[in-house]
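Novice: With the sequence up front, the predicted model follows.
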Amino acid sequence: MISTRGRYAIRVMIDLAEHEDGSYIPLKDIAARQEISKKYLEIIVKDMVSGGLLVGASGKGGGYKLLRKPEEYTVGEILELMEGTLSSVACLADENNVCPRKDVCETLPLWTEYDQMVHDFFYGKTLRDILRRTDETEQQVDSGS
């Protein structure tokens, strides 16, 4: 299950991409738009900065901004930074975790296939993809569709 931490991180990234104008965006503005506690977001963005997703600046004119273009971020990389592994079972979560039943486990192929689908789904979606869907939805609402 994806926690609020992972979901909020994606929302922060989308917000930064939507409001990107070359300058730093104050966390208080993101918190207000996303209706998320600024205190909680401080914890999240700290990890996102140390994980190389964002850059932050303090003081007047400070805030956060993306390090790369929205199309260069996958949802998978954001989630794995914030959540850790997306693996469904412990034996697949870490390559160093050697399960003694690996060679005889009848369910391992099931979990392997499932994990591959999850990986492909999240790593196949970029921030730009999400922004496009949001733009398309807004256009449909505006046109009365």
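Specialist: Yep, that arrived.
Novice: ok, now how distant is the residue nearest the centre of the chain from Arg7?
Specialist: Centroid check for the chain by CA atoms, centre = their mean gives Ile78 as the closest residue, at 3.2 Å. Distance, Ile78 to Arg7, by CB to CB, to the nearest Å: 10 Å. C-beta coordinates here come from the backbone N, C-alpha and C atoms, glycine included.
Novice: Give me the distance between the closest residue to Leu41 other than its chain neighbours and Asp15.
Specialist: Sequence neighbours aside, Ala31 is the residue nearest to Leu41 in space, at 5.3 Å (criterion: CB to CB, 6 or more residues apart in numbering). If you measure Ala31 against Asp15 using CB to CB, the figure is 9 Å.
Novice: now Val118
Specialist: Taking CB to CB as the measure, Val118 falls 25 Å from Asp15.
Novice: the more surrounded of those two?
Specialist: Asp15 (18 against 15; other CB atoms under 10 Å).
Novice: doesn't Ala32 make contact with that one?
Specialist: No: using CB atoms under 8 Å as the test, Asp15 is too far from Ala32 to be in contact (10.2 Å).
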